[in-house]
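Undergrad: with the sequence up front, the predicted model follows.
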Amino acid sequence: MARRDQEHTELPYPNGWFAVAFSRDLIPGEVKSVHYFGEDLVVFRNRSGEPRVVDAYCPHLGAHLGEGGRVIGDSIRCPFHGWQYDGSTGECVRIPYCERIPSAARVRAWEVQEKNGMIFVWYHDRGEPPQWDFPALEEIGADGWTEPRAHAVEIPAHVQDTHENNNDPVHFQVVHGMIETPPSTTEWIDDRVYRATMRCEQDLPGGGKFPYDVVRDSWGMGLVSLRFVGIPDAGLLMFSATTPIERERVISRWLMTATTNMVDVAGEEFMAGLTEGVLQDLPVWTNKVHRARPVLCEADESLAEYRRWARQFYSDPQ
């Protein structure tokens, strides 16, 4: 009899940029406790409005900096004895009752950047600095585009498996009810970036068809933009960031926006369709195992290419 622990290969955390919060969820001076990569972290905005992320536990006596900790300038103050840690370096900058600060008085400060309506940290299992970046998307916050709609969902799966769905066009027929798989091409732009383009058609009310492309750009493991291209003077955009909570549990955050002349025509349906699509995938993700050496057929070329591409994000690829 097959057992899950015999069939399943557990993957490590991949290296890369991962979102830890929506920008809108954190105001200056606010502190939040979060849990990612199997670790307890603290996210806060300093008084200048810049996001910071540090490890949760004070090296003094172990108090949790996110539970009662307070922002002071660019530092966070421990709720237990008032030790203050700089948000960008992690160094202890003040002990209110002691002039000399021990050299070991520091917490890990994570590399942070904020763009595309989210706050990101760089994760590397060996502590190496950032090795690549991803772009700010010009549509988010631009004139003529709607205020982005935010959505988040937790998924009981590894981030590689959730991202793999993007490279499995056949499953759109079986899981999502497409009549046939639209033709698609994949362009491997550089080591960490690829673009997949799916050719689609929309029936017109007066007869005939309107062709357009669905263009998906991916940066590293879990950062994806989805654009509808070819609609004259209009556009739809989805940006998603999927972050490991534990090895086999992730949170996927989305921002969805449309040009103001498009939102009433297709914007709401676009956003609802993406949300429904993830719900359709959930039963598969919840119950599947990860096969490190799957049996593939000749139609699975894009899946095989994706597996080869994904290896680079692990320090010790299996």
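TA: Sure thing, it's come through.

Undergrad: now stretch 168-178: buried residues?
TA: Within stretch 168-178, the residues scored as buried using 16 or more other Cβ atoms under 10 Å are 169, 171-172. Quick note: C-beta positions are derived from backbone N, CA and C, even for glycine.

Undergrad: what about it, distance to the chain center?
TA: Here stretch 168-178 shows a centroid-to-chain-centroid distance of 23 Å under the convention Cα atoms, centre = their mean, to the nearest Å.

Undergrad: what of stretch 306-313?
TA: For stretch 306-313, the gap between its own C-alpha mean and the chain's C-alpha mean amounts to 17 Å (Cα atoms, centre = their mean).

Undergrad: who touches it?
TA: Stretch 306-313 has contacts (Cβ atoms under 8 Å, 6 or more residues apart in numbering) with 14-16, 160, 163-164, 166-167, 188, 191-192, 194, 220-221, 317.

Undergrad: hang on, the earlier thing: and the buried residues of stretch 168-178, which is closest to Cys92?
TA: Taking Cβ to Cβ as the measure, Cys92 sits nearest to His171 out of the buried residues of stretch 168-178, at 50.8 Å.

Undergrad: using the three-state scheme, assign the nearest residue to that closest one once chain neighbours are set aside.
TA: Across the structure, with Cβ to Cβ, 6 or more residues apart in numbering as the measure, the residue nearest His171 apart from its sequence neighbours is Asn165 (6.6 Å). Assigned with DSSP: H, G, I helix; E, B strand; the rest coil, Asn165 falls in the helix class.

Undergrad: go on, Asp281?
TA: Look at Asp281: counting by three-state DSSP, its state is helix.

Undergrad: Glu154 now?
TA: The three-state label for Glu154, taken from three-state DSSP, comes out as strand.

Undergrad: nearest spatial neighbour of it, skipping sequence neighbours?
TA: Nearest residue to Glu154, sequence neighbours excluded (Cβ to Cβ, 6+ apart): Ile251, at 5.1 Å.

Undergrad: follow-up on the earlier one: what's the closest of the contacts of stretch 306-313 to Gly90?
TA: For the contacts of stretch 306-313, the residue nearest Gly90 by Cβ to Cβ is Asn15; the value is 20.0 Å.

Undergrad: tell me which stretches of the stretch 51-200 of the chain form helices.
TA: Taking DSSP state H, counting those that start in this stretch, the helices of the stretch 51-200 of the chain run over residues 159-164, 171-174.

Undergrad: quick one: list the elements packing against the last one.
TA: By that I understand helix 171-174. Packing partners of helix 171-174 (3 or more Cβ pairs under 8 Å, 6 or more residues apart in numbering; DSSP states H and E): none among the helices and strands.

Undergrad: please, which helix or strand holds Asp245?
TA: Just to correct that, residue 245 is Ile rather than Asp. Secondary-structure element containing Ile245, defined by DSSP states H and E: strand 236-246.

Undergrad: for whichever helix or strand Ala21 is part of, packing partners?
TA: When secondary structure is defined by DSSP H and E, Ala21 falls within strand 16-22. Applying 3+ Cβ pairs under 8 Å, 6+ apart, one finds that strand 16-22 makes contact with strand 31-36, strand 39-45, strand 118-123, strand 236-246, strand 249-258.

Undergrad: kindly reformat those strands as a markdown table containing mean pLDDT and distance to Ala104.
TA: Converted to a markdown table, the helices and strands packed on strand 16-22 look like this (pLDDT from 0 to 100; distance: least, Cβ to Cβ, whole Å):
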| stretch | mean pLDDT | distance to Ala104 |
| --- | --- | --- |
| strand 31-36 | 98 | 23 |
| strand 39-45 | 98 | 19 |
| strand 118-123 | 98 | 23 |
| strand 236-246 | 96 | 29 |
| strand 249-258 | 95 | 33 |
